[in-house]
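Engineer: The sequence isn't on hand, but the structure is:
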């Protein structure tokens with residue numbers, strides 16, 4: 001299953017790079033750890049420690065700032 005997901009993710013990456021701007025694709029990739037932390041909080045009942053919350057806020061803030069340029 002992991003191999004299939006990896007192949008699907010890489011295929012999606014290449015399609016996005018082909019059709020869009022590379023900078024926007026890289027911004028989306030910075031959201032992968034953020035989404036993993038949020039999903040694990042809701043689905044696996046993991047605790048979000050303060051350093052994770054600060055990291056999530058930092059990543060989202062910087063991506064928003066970059067996209068406004």
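Structural biologist: Sure, I can see it. Remember, it's a predicted structure, so these values are computed and weren't measured experimentally.
Engineer: Can you check which helix is longest in the protein?
Structural biologist: The residue-count maximum for a helix in the chain (DSSP state H) belongs to helix 22-43.
Engineer: you'd agree residue 66 is up against residue 26?
Structural biologist: No - Residue 66 lies out of contact with residue 26 (CB atoms under 8 Å); the separation is 9.4 Å. C-beta here means a position set from N, CA and C on the backbone, and glycine is covered the same way.
Engineer: Find residues that contact each of these two.
Structural biologist: With contacts defined as CB atoms under 8 Å, 6 or more residues apart in numbering, no residue is shared by residue 66 and residue 26.
Engineer: Quick one: distance of the helix or strand residue 54 falls within to the chain centre.
Structural biologist: Assessed by DSSP states H and E, residue 54 sits inside helix 50-68. Relative to its chain's centre, helix 50-68 lies at 11 Å (CA atoms, centre = their mean, to the nearest Å).
Engineer: Okay, buried residues for it please.
Structural biologist: Neighbour counts over helix 50-68 (16 or more other CB atoms under 10 Å) mark 52, 56, 59, 63 as buried.
Engineer: export these to JSON lines and tack on distance to residue 34?
Structural biologist: Output for those, formatted as JSON lines (distance: CB to CB, whole Å):
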{"residue": "52", "distance to residue 34": "9"}
{"residue": "56", "distance to residue 34": "5"}
{"residue": "59", "distance to residue 34": "5"}
{"residue": "63", "distance to residue 34": "9"}
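Engineer: Contacts made by the helix or strand of the chain with the lowest mean pLDDT with the rest, please.
Structural biologist: Taking mean pLDDT, DSSP states H and E as the measure, helix 2-19 is the helix or strand of the chain with the lowest mean score, a mean of 79. By CB under 8 Å, 6+ apart, the list of residues contacting helix 2-19 from outside reads 24-25, 28-29.
Engineer: same thing with stretch 27-47?
Structural biologist: Under CB under 8 Å, 6+ apart, the answer for stretch 27-47 is 13, 16, 48, 52, 55-56, 59-60, 62-63, 66-67.
Engineer: Having no further points to raise, I will conclude here.
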